[in-house]
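Colleague: Model the structure of this input:
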Amino acid sequence: MTGDVIAAGTALAGLVLVYLGSVSAGYASYERDQQRTVRAVYQRKAWFAVGGILLSILASGIAVLAKWSANDWIAGVSIIILAFALAWAAIAAVLIASEVK
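Modeller: Modelled structure (predicted):
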């Protein structure tokens with residue numbers, strides 16, 4: 001199971017990184033004087049994405065540790081963290097969808 005968590009965590013980190021790129025591109029699409037107005041919103045989204053990336057990487061890292069030590073308890077922790085990362089990504093998706101008007 002830990003191999004699956006490692007793969008899923010790294011793939012999810014990549015997907016959230018794409019979301020972060022989208023946030024960055026959206027912010028960059030504004031003129032410099034307009035960017036001051038929208039900076040707080042885009043910073044919140046960017047830091048939210050960073051949190052998702054860190055959770056995904058943490059899940060993968062803990063899964064590597066569980067696999068290396070052959071510890072089922074640590075593997076369970078990695079699965080729980082991956083579940084939080086997946087929920088985090090789902091919330092990010094909802095935030096993106098809510099912006100489309």
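Colleague: How far does stretch 15-24 sit from its chain's centre?
Modeller: Relative to its chain's centre, stretch 15-24 lies at 9 Å (Cα atoms, centre = their mean, to the nearest Å).
Colleague: now that stretch: mean pLDDT?
Modeller: Stretch 15-24 shows a mean pLDDT of 86 in the predicted model.
Colleague: What residue, apart from its backbone neighbours, is nearest residue 71 spatially?
Modeller: Spatial nearest neighbour of residue 71, chain neighbours left out: residue 65 (7.8 Å); criterion: Cβ to Cβ, 6 or more residues apart in numbering. Any C-beta I mention is one placed from the backbone N, CA and C, and that applies to glycine too.
Colleague: Specify the local secondary structure of that neighbour.
Modeller: What DSSP: H, G, I helix; E, B strand; the rest coil gives for residue 65 is helix.
Colleague: tell me which strands and helices the worst-scoring helix or strand of the chain on mean pLDDT is in contact with?
Modeller: Every helix and strand in the chain was compared by mean pLDDT, DSSP states H and E; the lowest is helix 2-28, with a mean of 87. When contacts are defined as 3 or more Cβ pairs under 8 Å, 6 or more residues apart in numbering; DSSP states H and E, helix 2-28 sits against helix 32-69, helix 72-99.
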